[in-house]
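A.B. asks: Take a look and give me a structure for this.
(2 chains)
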Amino acid sequence: MMGQGRLAAWGVGLAALVALPFVYRDPYHLHILVLILIWSFAYTSWSMMGRFGLVSLGHGGFMGIGAYVTALLWNHAGLSPWIGIPISMAAAGALAMIVGYPCFRFRITGHYFVLVTLALSGIVLQVITATRDYTGGSLGYTPNRASGNRLLALQFDDKTTWYLIALAVWLFGIVVWHWVDRSMARYALEAISEDEDAAAAAGVDVTAEKLKITLLSALMTALAGAIYCQYQMFITPDTVSGIAVSLQMVFAAIVGGLFVSLGPTVGAIITILLAETLRIGFGTKAVGWDNLVYGVLLVLFIIFLPKGILGSLLDRLKLQRKVPRAHEQKAVQVARPGA
Amino acid sequence: MVKRFGGFTAVNNVSFRVDQGEILGLIGPNGSGKSTIFNMLSGTLAPTSGSILFAGHEIAGLAPHRIINSGIGRTFQIPRPFRRLSIFENVALAGFYGQGRHSRAKAEEAAERSLAMVGLPTDRHASVDGLGAAGLKKLELAKALATAPKLLLADESLGGLDEAEMDQAADMLRNIRDELGITIIWVEHIMGVLMRVVDRVMVLDHGEKISEGLPSAVAGDPRVIEVYLGTDAETTQAAAAEARRRAGG
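C.D. replies: The predicted model follows:
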């Protein structure tokens, strides 16, 4: 449900976000904002399935495929990212189906599902590292600079353009999140996450519904990887794939709030700012510290604040607003004792 | 049909039919194979051998959601509501996915009708947590009805209710048949309340059918009495005395 007030708030917020780079031009701060927006989109993509109890540690794999397939097609086959990105998304989607179908068909759920997906992101990382003749291995990979049309190559030098692209992609993620949230598919997926047999007894094709949301999530995550690659023009297996990236997605989504649309965005603000602070404050001495902090915070959040920062905040606001309503409900119950 | 689990035969060559518009009671002591038959009909288990025809089509071994979509609704013995959804959303979900995912508006209509039929509020946001045992049973029934079944499989729907609630629930099943023309197979181990409503009864023991027929005839069948009351003289006498006492009161 979106009330008039909320719609207006979204409109004003968006207008401000679009106007920002034209007023404020500090390149470093814009760079941070672009990173936050791209990673927010990746985290939102993860939360599409994560919010229904489908905890995947394989999303680093999908992101890596999105980034590397797009870059490889550009460098080796001369294919524009406009074609390369859809191909990379299709590749990630196909992999998601190959891994997801047997898992869902044979009811690999909970911890076992997490383990299977963990293997997936490990395998993608290994493949990228092992095929170093093509991918540059752990040293990283750079898409060739475009000599001709910049738009065709999806390569831009100014931060403002990238900021607007990242903003559009981020907004797309939020819109898809709301679209799923308001669909019947959400009912089905909530039901599946609670009780697969009872969901099937309501007529839900459990395997198909899980596959659909997994496919959607994988496609979006691959897009995030490709956009990240086009923006940074340099990717390494560790920054776009592997278990660390997957864990970072889980961390950000849970800390921000899994069940609210802007939760993953709040998570991205926290992770990016934390990583930047550590990098500037401690330099190379702090390499890997952010992962340590993520780990500790994740445990604390799961125990003390499972709905995340934004989720808990919104709950508290709602609770305050609902106080007078509780009396109304009691009155209704008294008036209708049979109900 | 036959169902074996390893070396154990849970259902041994049980064969039966249910006619359109009929209420068939399926009774038997614990472990007699009622639930296994029920699970084969609803697709949770595939029969080891045998076949299940529904309106002329073979449904044995189909996935549960396909069976639901072919026009068979089911309830669970222990209610299994979706607590993350409201009461209305629970039923609307069944209305949408149980009827081939056609239209949301139709699903919501079906939800309103089903909730009204079982006597639950049609308010969109009422939480499942507010329901007691009887309310949860009603919700199970509303979910099954929302899938627009031609055949309803009702699993021991009265366990855990008091006598008034039991009578109410039994009447509700009869209303569902009378008003909506839905055929019902009712699995239950409380015999009394079932006998009042069903057209025919089938009694199972150790995976085999031991009796079938009109409630009055089955209640007098010595094999049924043996299964339910035991054979030794003391219990039989005690049961007879109990029956006389009830008749007198």
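
A.B. asks: Over to residue 15. Which of the three states is it?
C.D. replies: All of this is about chain A. Using DSSP: H, G, I helix; E, B strand; the rest coil, the three-state assignment for A:Ala15 comes out as helix.

A.B. asks: Share the number of residues neighbouring it, please.
C.D. replies: 10 (other C-beta atoms under 10 Å in any protein chain shown). To be clear about C-beta, it is placed using only N, CA and C from the backbone, and glycine gets the same treatment.

A.B. asks: Contact residues of chain A facing chain B?
C.D. replies: Counting by C-beta under 8 Å from any C-beta of the partner chain, the residues of chain A lying close to chain B are A:184, A:187-188, A:190-191, A:193-195, A:197-206, A:336, A:338-339.

A.B. asks: Repeat the analysis, applying 10 Å as the threshold.
C.D. replies: For chain A, the residues found near chain B under the criterion C-beta under 10 Å from any C-beta of the partner chain are A:52, A:183-209, A:259, A:329, A:332-333, A:336, A:338-339.

A.B. asks: Backbone dihedrals for B:Gly43, both of them.
C.D. replies: Listed backbone geometry of B:Gly43 is phi 90, psi 0, with angles given as degrees, to the nearest 10.

A.B. asks: residue contacts, it?
C.D. replies: Residues in contact with B:Gly43, defined by C-beta atoms under 10 Å, 6 or more residues apart in numbering or on different chains, are A:200-201, B:52, B:59-68, B:70, B:72, B:74.

A.B. asks: The closest residue to B:Val203 other than its chain neighbours is in what secondary structure piece?
C.D. replies: Among residues not flanking B:Val203 along the chain, B:Ser211 sits closest, at 4.2 Å (C-beta to C-beta, 6 or more residues apart in numbering or on different chains). Counting by DSSP states H and E, the element that carries B:Ser211 is strand B:208-213.

A.B. asks: what is the rounded mean pLDDT of the helix or strand just after that strand?
C.D. replies: Toward the C-terminal end, the helix or strand that comes next after strand B:208-213 (DSSP H and E) is helix B:215-220. On average, the pLDDT along helix B:215-220 is 81.

A.B. asks: pLDDT below threshold where in chain B?
C.D. replies: Scanning chain B for pLDDT under 70 picks out the ranges B:157-159, B:229-249.

A.B. asks: what's near enough to touch the residue of it found nearest chain A?
C.D. replies: Of the residues in chain B, the one nearest chain A is B:Gly98, at a distance of 3.3 Å by C-beta to the nearest C-beta. Applying C-beta under 10 Å, 6+ apart to B:Gly98 gives the contacts A:201-204, B:65, B:68-69, B:71-73, B:91, B:107, B:110, B:143-149.

A.B. asks: ok, now A:Arg132?
C.D. replies: Residues counted as contacts of A:Arg132 (C-beta under 10 Å, 6+ apart) are A:Ser138, A:Leu139, A:Tyr141, A:Pro237.

A.B. asks: could you list every residue that touches the residue nearest to the spatial centre of chain A?
C.D. replies: The structure's chain A has its C-alpha centroid closest to A:Tyr43; by C-alpha atoms, centre = their mean the separation is 2.1 Å. Residues in contact with A:Tyr43 (C-beta under 10 Å, 6+ apart) are A:50, A:59, A:173, A:221, A:224, A:248-256, A:258, A:263-268, A:271.

A.B. asks: Quick check, central residue of chain B?
C.D. replies: Among the residues of chain B, B:Ala154 comes closest to the average C-alpha position under C-alpha atoms, centre = their mean, at 1.7 Å.

A.B. asks: after the longest helix along chain B, next one along is what?
C.D. replies: Secondary structure of chain B per DSSP state H: the longest helix is helix B:163-180. Moving toward the C-terminus from helix B:163-180, the first helix or strand encountered (DSSP H and E) is strand B:183-187.

A.B. asks: all helices in chain B, in order from the N-terminus.
C.D. replies: Counting by DSSP H, chain B has helices at residues B:34-42, B:64-69, B:87-97, B:104-118, B:133-146, B:163-180, B:191-197, B:215-220, B:222-229, B:233-248.

A.B. asks: who's in contact with A:Asp197?
C.D. replies: Under the contact definition (C-beta under 10 Å, 6+ apart), the residues listed for A:Asp197 are A:Val206, B:Asn39, B:Ser42, B:Thr44, B:Pro64, B:Phe76, B:Arg80.

A.B. asks: where does it land in three-state SS?
C.D. replies: helix.

A.B. asks: May I see the ChimeraX selection of the buried members of the contacts of A:Arg132?
C.D. replies: A single ChimeraX command is used to select the members of the contacts of A:Arg132 judged buried by 16 or more other C-beta atoms under 10 Å in any protein chain shown:
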select /A:141,237
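
A.B. asks: Present the contacts of A:Arg132 as CSV; the columns should include pLDDT.
C.D. replies: What follows is these, written out as CSV (pLDDT from 0 to 100):
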residue, pLDDT
A:Ser138, 89
A:Leu139, 92
A:Tyr141, 95
A:Pro237, 93
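
A.B. asks: Helices of the stretch 151-300 of chain A, start to end?
C.D. replies: Listed from the start of the chain, the stretch 151-300 of chain A has helices (DSSP state H, counting those that start in this stretch) covering A:159-181, A:184-194, A:196-201, A:206-232, A:237-240, A:242-256, A:263-282, A:289-304.
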